[in-house]
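Undergrad: need coordinates for the below:
(chains A and B)
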Protein chains: 2
Amino acid sequence: MNNPVTVEVMRGDHVESRHRGLAVVVDGDGDVVFSAGDVEAGVFPRSACKAMQALPLVESGAADAYGFGNRELAIACASHNGEDAHVELAGAMLARAGRDESALECGAHWSSDQATLIHQARTIDKPNALHNNCSGKHAGFVCTCTHMGVDPKGYVGYDHPLQAEIRSVMESLTGAVLGHDNCGTDGCSIPTYAVPLVGLARGFARMGTGAGLEAGRAAASKRLMEACMAEPFYVAGTKRFCTELMEVAPGKIFAKTGAEGVFCAVLPEKGLSIAVKCDDGAKRGAEAMIAGLLARYFEPESTEREALLSMAQRPLINWNGIDVGAIRVTDALFV
Amino acid sequence: MNNPVTVEVMRGDHVESRHRGLAVVVDGDGDVVFSAGDVEAGVFPRSACKAMQALPLVESGAADAYGFGNRELAIACASHNGEDAHVELAGAMLARAGRDESALECGAHWSSDQATLIHQARTIDKPNALHNNCSGKHAGFVCTCTHMGVDPKGYVGYDHPLQAEIRSVMESLTGAVLGHDNCGTDGCSIPTYAVPLVGLARGFARMGTGAGLEAGRAAASKRLMEACMAEPFYVAGTKRFCTELMEVAPGKIFAKTGAEGVFCAVLPEKGLSIAVKCDDGAKRGAEAMIAGLLARYFEPESTEREALLSMAQRPLINWNGIDVGAIRVTDALFV
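TA: Down below sits the predicted model:
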């Protein structure tokens, strides 16, 4: 329970707030090469595992049948801002399968990104399910069901064939048992399963390296990760941390966040996978942690490392543009 | 450093995230009647101490000179949503002193309240300083300076006479020494000083009871607190926690939050003051803590206690309106 303080929020020279957390780095064999905190503890990956949940879209042949390219696969793994391009793409995916937004069961919400929300307020009366940050994932779900001849109705339910398939995929990737005992309901209504953080990291290491996966799954994993890295805007959006991390080193970093302070990343060329969870669920804590850990694996003084460190140790600017403090990772991630 | 877990965020039956924190309750004599965590640790009160910072507005005679009633005094102690009524009132206060928004040095920002932001996006091009959540406090500052014949220019600065006066007021209330050593810069650019949480609670206990204060300060304190309790909308706004806490028991609860997880409350009739700080700065953590502690001091099964407990233990509802978990205070606050 006493995970280390991994991120400090400074005001002037004083620590104003502290985030504790757990973090793990595993290699392609699944061996732990770094850890902080209780990484065997169960963590709900939430949206951080969307790339795993998108595997049936590729493995079923639906992605090919509907002619999906990098953008469609990226948004199927996304928690997006609900910017116009996101909304249009999710709608277009459904149209390819002869569906529309009425098939989505994720619910509707205004964008959580301020600039996007202002734009939405000025251009629409109210959001629909296509504006939901999960609409790309859900469009992928509906397309998968439609292609497989399975009625998508109720696809968010624990007992629906799609969720059973996702459970099976995630069990094989993470090595964890998924079931009612470790199941919760996510914001978009699909099941989410608490798995050890190290299992989540191992699952992403397998996706990133293909190690231990049968050929079809390895290829589908590679295709999804490459799609996200090729189209990072469609994984999150303007000024979003996932998008910016992948833009730091194009093709070298896959990154995806989840609610309540989860962040996963893969360095495919290095065969490494990183997973973090901020104890208190803070987005800023998880962001600093993942950026700090990613920085460890780039050469000292390289452009990539400097960019990642500047995301791990960023100034706090007040309403007048004055530098009043900083968010910074602690030595717990650098020992 | 190992403050207890005071709030748990549940997803289904599982703890998904945890908030640690410190909390203290003091009586009118300043004696600690309950504490959890290291309550001698320095905490930046941020906006939680606005009622203290508003004392010069009353004590200088400015409030009377400009004919300020409860609403004006309430907004002088506020972190408001920037709703139209807030913006108009802050502007009207400045007009009484022959000033306008160009005198404000707090900076401008869009509302952090979603419904208000949507309204702002549809009705204004961009926000000005009157929309800043601190505009009422800053309008009070400008009025105080103007009435006293002090040039308000630079009133946010550490060395400005107004900030020197506020420092003196806060030292006498909290019993802490304030100076460069424990000073940071707040979001609205004024100095904020890290003081022991118990000192902050003692300061509010003095304001709530008048104990140990000279008559003028006791009267000014009473007037400010009564103004906030009479006009809670002007202290925060629609659906805001401060406003709702004060609406639970009109005239019996004064409550004010500050950034980075600080919350202070006073129960004037009971002569008690409560201060909490969530270690990680989370708003939801501080809100649950203060509601839980306030509930302790109302009769079992009373309407007030039930309302406060429902604010301390509230369900998490997803985009489809499904109950997916809860935020709840732990036994650390109820032992």
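Undergrad: now stretch A:15-29: buried residues?
TA: Using 16 or more other CB atoms under 10 Å in any protein chain shown as the test for burial, stretch A:15-29 gives A:15-28. (C-beta placed from N, C-alpha, C; glycine too.)
Undergrad: same deal with stretch A:268-280?
TA: For stretch A:268-280, by 16+ other CB under 10 Å, it's A:Pro268, A:Gly271, A:Leu272, A:Ser273, A:Ile274, A:Ala275, A:Val276, A:Lys277, A:Cys278, A:Asp279, A:Asp280.
Undergrad: look up how far chain B lies from the first one.
TA: Applying CB to the nearest CB, to the nearest Å, one obtains 29 Å for the distance of A:Pro268 from chain B.
Undergrad: so what would you say the end-to-end distance of stretch A:227-240 is?
TA: Stretch A:227-240 has an end-to-end distance of 17 Å (criterion: CA to CA, to the nearest Å).
Undergrad: so for A:Phe334, what's the pLDDT?
TA: At A:Phe334, the model reports a pLDDT of 81.
Undergrad: who touches it in this structure?
TA: Taking CB atoms under 8 Å, 6 or more residues apart in numbering or on different chains, we find A:Phe334 in contact with A:Gly292, A:Arg296.
Undergrad: so where's the longest helix in chain A?
TA: In chain A, assigned by DSSP state H, the helix with the most residues is helix A:215-230.
Undergrad: what residues does that helix touch?
TA: So helix A:215-230 is contacted by A:51, A:54-55, A:58-59, A:69-74, A:76-77, A:169, A:172, A:206-208, A:210, A:213, A:234-235, A:246, A:250-254, A:256, A:266, A:268 (CB under 8 Å, 6+ apart).
Undergrad: where does the closest residue to chain B within the stretch 1-150 of chain A fall, phi/psi-wise?
TA: Nearest to chain B in the stretch 1-150 of chain A, going by CB to the nearest CB, is A:Gly107, at a distance of 2.9 Å. A:Gly107 has phi and psi values of phi 80, psi 170 when expressed as degrees, to the nearest 10.
Undergrad: picking up where we left off before, what's the most distant pair in the buried residues of stretch A:15-29?
TA: In the buried residues of stretch A:15-29, the most distant members under the criterion CB to CB are A:Glu16 and A:Gly28, with 39.6 Å between them.
Undergrad: nearest to A:Val7 among the buried residues of stretch A:268-280?
TA: Proximity of these to A:Val7, judged by CB to CB, is greatest for A:Cys278, which lies at 7.3 Å.
Undergrad: would you confirm that that closest one contacts A:His19?
TA: Yes. Assessed by CB atoms under 8 Å, A:Cys278 is found in contact with A:His19 at 5.2 Å.
Undergrad: what lies in contact with the helix or strand that contains A:Leu245?
TA: Using DSSP states H and E, A:Leu245 falls within helix A:241-248. Contact partners of helix A:241-248, identified using CB under 8 Å, 6+ apart, comprise A:79, A:228-229, A:232-233, A:235-237, A:253-257, A:265, A:283, A:287, A:290-291, A:294, A:304, A:307-308, A:311.
Undergrad: between that helix and helix A:215-230, how big is the angle?
TA: 90 degrees (axes from the mean of the first three to the mean of the last three CA atoms, to 10 degrees).
Undergrad: next secondary structure element downstream of helix A:241-248?
TA: Counting by DSSP H and E, the next helix or strand C-terminal to helix A:241-248 is strand A:254-258.
Undergrad: strand partners of that next one, parallel vs antiparallel please.
TA: When pairing is defined by DSSP bridges, strand A:254-258 lines up against strand A:262-267 (antiparallel).
Undergrad: now for the longest strand anywhere in chain A, which elements pack on it?
TA: If you go by DSSP state E, chain A has its longest strand at strand A:14-26. When contacts are defined as 3 or more CB pairs under 8 Å, 6 or more residues apart in numbering or on different chains; DSSP states H and E, strand A:14-26 packs onto strand A:5-11, strand A:32-36, helix A:197-209, strand A:272-278, helix A:283-295.
Undergrad: buried ones in the second one?
TA: Looking back up the chat, that one is strand A:32-36. Applying 16+ other CB under 10 Å to strand A:32-36 flags A:Phe34, A:Ser35, A:Ala36 as buried.
Undergrad: and the gap between the first one and A:Ala85?
TA: In this view, A:Phe34 and A:Ala85 are 37 Å apart by CB to CB, to the nearest Å.
Undergrad: for the record, mean pLDDT for stretch A:268-279?
TA: 98.
Undergrad: how far off centre is that stretch?
TA: Put simply, stretch A:268-279 sits 11 Å off its chain's centre (CA atoms, centre = their mean, to the nearest Å).
Undergrad: from start to finish, how long is that stretch in a straight line?
TA: End to end - CA to CA - stretch A:268-279 spans 27 Å.
Undergrad: quick check: chain neighbours aside, which residue is closest to A:Ala23?
TA: A:Val276 (4.3 Å; CB to CB, 6 or more residues apart in numbering or on different chains).
Undergrad: now for the one you found: which residues touch it?
TA: Neighbour list for A:Val276: A:6, A:21-24, A:197, A:261-264, A:286, A:289-290, A:293 [criterion: CB under 8 Å, 6+ apart].
Undergrad: farthest-separated two in those residues?
TA: A:Thr6 and A:Cys264 (15.8 Å).
Undergrad: pick out whichever of these two has more residues nearby.
TA: A:Cys264 (30 against 27; other CB atoms under 10 Å in any protein chain shown).
Undergrad: for stretch A:149-167, buried residues please.
TA: For stretch A:149-167, burial by neighbour count (16+ other CB under 10 Å) applies to A:Pro152, A:Tyr155, A:Val156, A:His160, A:Pro161, A:Leu162, A:Gln163, A:Glu165, A:Ile166, A:Arg167.
Undergrad: as a markdown table, those with distance to A:Arg96, pLDDT and secondary structure would be great.
TA: Shown next, in a markdown table, are the buried residues of stretch A:149-167 (distance: CB to CB, whole Å; pLDDT from 0 to 100; DSSP: H, G, I helix; E, B strand; the rest coil):
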| residue | distance to A:Arg96 | pLDDT | secondary structure |
| --- | --- | --- | --- |
| A:Pro152 | 14 | 98 | coil |
| A:Tyr155 | 17 | 98 | coil |
| A:Val156 | 21 | 98 | coil |
| A:His160 | 21 | 98 | coil |
| A:Pro161 | 21 | 98 | helix |
| A:Leu162 | 18 | 98 | helix |
| A:Gln163 | 22 | 98 | helix |
| A:Glu165 | 21 | 98 | helix |
| A:Ile166 | 21 | 98 | helix |
| A:Arg167 | 26 | 98 | helix |
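Undergrad: what stretches of the stretch 1-150 of chain A score poorly on pLDDT?
TA: By pLDDT under 70, the low-scoring segments of the stretch 1-150 of chain A are A:1.
Undergrad: thought A:Ala312 was touching A:Ala295?
TA: Yes. Counting by CB under 8 Å, A:Ala312 does reach A:Ala295; the two are 6.0 Å apart.
Undergrad: show me what from the stretch 101-250 of chain A comes close to chain B.
TA: Proximity of the stretch 101-250 of chain A to chain B, by CB under 8 Å from any CB of the partner chain, involves residues A:105-110, A:114, A:117-118, A:121-122, A:132, A:182-189, A:192, A:194.
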